[in-house]
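Novice: Curious how this folds, go ahead:
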Amino acid sequence: MRVELQEDQSGEVFSKQLLYIGNGNIAVDTSFTLHSLPIFVTFVNQRPNSWRWFSQRLQRVILAAKNVDVNEMNFQIQEKIAGELKNYKSVDSVTNEDEVVNYPTEFLNSLELPGLPPHNLQVKIGSVIIMLRNINQPRLCNGTRLAVKKLLNNVIEATILKGKYKGEDVLIPRIPMIPNDMPFSFKRLQFPVRLAFAMSINKSQGQSLSVCGINLENPCFSHGQLYVACSRVGKPSTLFIDAPEHKTKNIVYQKALE
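Specialist: The predicted model follows:
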């Protein structure tokens, strides 16, 4: 399948194109025009320390299928922001004291799990972050995106970038988090956030974006991922796709649609 990205059209036409992708009806090797992804350069070059700048561009997000690509892009973009990099290291421990010998702290620190903040959280003032837990509903919910305003030793002060509480400053504390998809139980005490210049396609579900860039260097690997990525915007002129040789995979299981 070739990635389709045409000139501005009506929402009705675009919605039909999205349904073709969602239903797996795009013909194999059909040629469409491909636009490259310019957001890599322009995303953070203008006034990166102003929350208003990020608010205007809040819904400009780069999506990728795999977390490894998301992490790499987030680090690359954050490097473009002037200022000191702050490191926050988590406190990891097993919940069962009898298993301390089997799972040393160094091993727990090395775990990078979806939905869990990293052991070494690296952020700058001006960085865009996303909440990974509900800690103060409805202000701070899983999926809320913010711009970092101050980096203190025990809290991160950030500004909400969208929604009813847009522009409001909040304090984010460290909280204990216990993943439920591990063969053993461990606890990570850390700020419940990750960088969010880029995010995974799965994490983007429910997000409405004004501009969406999709990095398909590593193609989609599960049912409906390409549809989810392309449907984050309402018109094709705000959709930018980067794929090797102008081609990518569209995984659709017809039985799941019946």
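Novice: Point out the other elements, helices or strands, that the strand or helix carrying Y20 touches.
Specialist: If you go by DSSP states H and E, Y20 is part of helix 11-23. Contacts defined by 3 or more C-beta pairs under 8 Å, 6 or more residues apart in numbering; DSSP states H and E place helix 11-23 against helix 225-230. Placement of C-beta: from N, CA and C, glycine included.
Novice: how about the strands in the stretch 51-200 of the chain?
Specialist: Along the stretch 51-200 of the chain, counting by DSSP state E, counting those that start in this stretch, strands occupy 60-64, 86-89, 91-94, 120-123, 128-131, 145-151, 155-160, 169-173, 175-177, 186-190, 193-195, 198-200.
Novice: Could I get the average pLDDT for stretch 16-27?
Specialist: Mean per-residue pLDDT for stretch 16-27: 74.
Novice: try stretch 226-241
Specialist: Rounded mean pLDDT across stretch 226-241 is 83.
Novice: cool, stretch 186-195 as well?
Specialist: Stretch 186-195 comes out at a mean pLDDT of 96.
Novice: Only the buried residues of that stretch, if you could.
Specialist: Residues of stretch 186-195 classed as buried: F186, K187, R188, Q190, F191, P192, V193, R194, L195 (neighbour count, 16 or more other C-beta atoms under 10 Å).
Novice: okay if I get those residues as TSV plus distance to M73?
Specialist: As requested, the buried residues of stretch 186-195 are exported to TSV (distance: C-beta to C-beta, whole Å):
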residue	distance to M73
F186	28
K187	29
R188	23
Q190	21
F191	21
P192	21
V193	17
R194	12
L195	9
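Novice: and which of those is nearest P173?
Specialist: Proximity of those to P173 (C-beta to C-beta) peaks at F191, which lies at 7.4 Å.
Novice: Is it correct that the closest one is in contact with I172?
Specialist: Yes - contact criterion C-beta atoms under 8 Å: F191 and I172 qualify, at 5.7 Å.
Novice: what is in contact with the two at once?
Specialist: Counting by C-beta atoms under 8 Å, 6 or more residues apart in numbering, the shared contacts of F191 and I172 are I156.
Novice: so where's this structure shaky on pLDDT?
Specialist: 1-12, 26-59, 256-258 (pLDDT under 70).
Novice: show me where it has helices.
Specialist: 11-23, 39-42, 51-56, 67-79, 105-110, 225-230, 254-257 (DSSP state H).
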